[in-house]
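Student: fold the following for me, if possible:
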Amino acid sequence: MNDRWQRAVPVYNYPLWTRPMYVMLGLAGVTIALVLWRMFAGLGPATGMNDVYAWGIWKTFNVMVLTGLGSGAFSIGIAAWLFKKHNLHVVMRTALLTSFLAYLSGIALLGVDVGRPWHFIWVLMPWRWNLHSPLLEVAVCMPAYAMFPLLLENVPPVLEWVHKNKPTYRGLVERAETIMKKFYPFIVGLAYVLPAMHQSSLGALMLLGGDRVHTLWQTPLLPLLYVWAAAFLGIACVAGTLLFCTIVWNRPIDLNVLVELNKIAVILIGSWMAARFVDILVRMKFMEMFKLNIFAGLFWMETLFLGLAIYMLRDSARLRDPRLMFHAHLITAIGGMLYRFDPTTLAFQARPGAFYFPKAIEIFVSAGFVSLAIIAFCIAAKKLAILPAPMRTWRDMEGFEKSQAKADVTRAQYAVGD
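Tutor: Purely as a prediction, here's the structure:
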């Protein structure tokens, strides 16, 4: 079904809780138990980290990678507002929610990963800041981005729900909307500045790694390449989420918007790959790409995934094939995630002979936090107006709700009669 998306409409005709949701909820419950045990047992027994590898997958995957996937609000927002791609405004709520949940997961994992998480309070004390540390910028900008622009921009769907379902609070909702409109330009400004700052700082952290990061990834352009990769990763996450939801919940699909996202992703990936190859040539590290070792293999794996993604994105846009589009964005996500993960873990060598491999607990906890984010997204999509839809879907939902109300009245009458 191909329709023009015009507004956001809740997923109204599916149950809130399903079997996959219960499975993910069970995994999340195990995760919470493991996190509590880690807090009492410490990082040593709970993780594969050590004095040499003080960063495990909770930072390198859940922070470096998930915040890249959660950059959809940043990249699509720039395309919609600055480059006047007005048809992308209909997917902004999906982008904002996926970004908020990805960042929230990363921040939560930071609390689990840090040996003494209660020292996070120091972030609120500027006189104790180390102003020479890129990690300070990440510690300040990442929570600030999640708790101000992303959180506030996810408030309107909640206000709409309250306005519709809680009539006594409508006056309060209208006042809140009036206040938000006054501050909205500043919120949007922060939504561009903060992610650009901390995404570049994540790259700068690895820049400080020196020759411990393999030369195919270690470059002065690393901060820029990290922001650049986050841009196409975020688009892949949002487009993939939209396509997946149209299949699972039988939602109408707007191929014009998805084709636009494909075109933007092709430009971002193609220019990023060109910049990376030029950088390697300028640094005269070209032959490193052809050595028979794991690092060259990882480099070509990233390159092949993203090169294939460009071909599939262009082909699926030409054919207007949603299934091929989904696979193209999935390939994009894999290639981009590999690039964000490799210089922090697989292409990082703390010192000769040093070794790190995550324990099962680390993998369980990472998967559990991803499950919590998916659960939160599904609940929000079914309760709030998040996913885009044509106007007729809104009218269908009103008819569905009226029929449900009549059925409830009928059941109540029969109950009284009994």
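Student: could you report the neighbour count for V155?
Tutor: 13 (other CB atoms under 10 Å). C-beta: built from backbone N, CA, C; applies to glycine.
Student: tell me where this structure has strands.
Tutor: Along the chain, counting by DSSP state E, strands occupy 7-8, 388-389.
Student: highest average neighbour count across the ones you listed?
Tutor: Among those, strand 388-389 has the highest mean neighbour count (mean count of other CB atoms under 10 Å), at a mean of 26.
Student: from the middle of its chain, how far away would that strand be?
Tutor: 20 Å (CA atoms, centre = their mean, to the nearest Å).
Student: and what of stretch 373-387?
Tutor: Chain-centre distance of stretch 373-387: 14 Å, with CA atoms, centre = their mean.
Student: buried stuff in it?
Tutor: Buried residues in stretch 373-387, counting neighbours by 16 or more other CB atoms under 10 Å, are found at 373-375, 377-378, 380-387.
Student: now do stretch 81-91
Tutor: For stretch 81-91, the neighbour count (16+ other CB under 10 Å) marks 81, 85, 87-88, 90-91 as buried.
Student: also stretch 52-64?
Tutor: 53, 55-64.
Student: same thing with stretch 285-296?
Tutor: So, applying 16+ other CB under 10 Å, buried residues of stretch 285-296: 288, 295-296.
Student: quick check: mean pLDDT of it?
Tutor: Stretch 285-296 carries an average pLDDT of 94.
Student: the closest residue to V257 other than its chain neighbours and L151, how far apart?
Tutor: In this structure, V257 finds its nearest non-sequential neighbour in N87, 5.4 Å apart by CB to CB, 6 or more residues apart in numbering. Per CB to CB, to the nearest Å, N87 is found 26 Å from L151.
Student: ok, I264 next?
Tutor: Applying CB to CB to I264 and L151 gives a distance of 26 Å.
Student: kindly report the same for N13.
Tutor: With distances taken as CB to CB, N13 is found 29 Å from L151.
Student: again, but for I375
Tutor: Taking CB to CB as the measure, I375 falls 18 Å from L151.
Student: okay, A412: pLDDT?
Tutor: Listed pLDDT for A412 reads 58.
Student: show me what contacts the nearest residue to F341 once chain neighbours are set aside?
Tutor: On the basis of CB to CB, 6+ apart, the spatially nearest residue to F341 that is not a chain neighbour turns out to be V65, at 5.5 Å. Contact analysis of V65 by CB atoms under 8 Å, 6 or more residues apart in numbering lists 337, 340-341.
Student: find the nearest non-adjacent residue to the most centrally placed residue in the chain, please.
Tutor: Centroid check for the chain by CA atoms, centre = their mean gives G70 as the closest residue, at 2.0 Å. Using CB to CB, 6+ apart and skipping residues adjacent in sequence, the residue nearest G70 is A102, 2.6 Å away.
Student: quick one: which of the buried residues of stretch 52-64 sit in helices?
Tutor: Among the buried residues of stretch 52-64, the ones falling in helices (DSSP state H) are 57-60.
Student: same list (those residues) but as CSV, adding pLDDT and distance to M397.
Tutor: Below are those laid out as CSV (pLDDT from 0 to 100; distance: CB to CB, whole Å):
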residue, pLDDT, distance to M397
I57, 90, 41
W58, 88, 40
K59, 86, 42
T60, 88, 42
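Student: what count of nearby residues applies to the residue nearest to V155 when sequence neighbours are not counted?
Tutor: Nearest in space to V155, with sequence neighbours left out and distances taken as CB to CB, 6+ apart, is M180 at 6.9 Å. M180 has 15 neighbouring residues, counting by other CB under 10 Å.
Student: check contacts around M180.
Tutor: For M180, the contact set (CB under 8 Å, 6+ apart) comprises 152, 155-156, 187.
Student: list just the nearest of those residues to D396.
Tutor: P156 (22.3 Å; CB to CB).
Student: average pLDDT across stretch 161-181?
Tutor: Per-region confidence: stretch 161-181 scores 90 on mean pLDDT.
Student: what comes up buried for stretch 395-402?
Tutor: Applying 16+ other CB under 10 Å to stretch 395-402 flags M397 as buried.
Student: for it, which outside residues touch it?
Tutor: 9-10, 12-13.
Student: low-confidence stretches in this protein?
Tutor: By pLDDT under 70, the weakly predicted segments of the chain are 1-2, 405, 407-418.
Student: give me the longest helix you can find in it.
Tutor: With secondary structure taken from DSSP H, the chain has its longest helix at helix 170-207.
Student: give me the buried positions along that one.
Tutor: In terms of neighbour count (16+ other CB under 10 Å), helix 170-207 has its buried residues at 173, 176, 190-192, 194-207.
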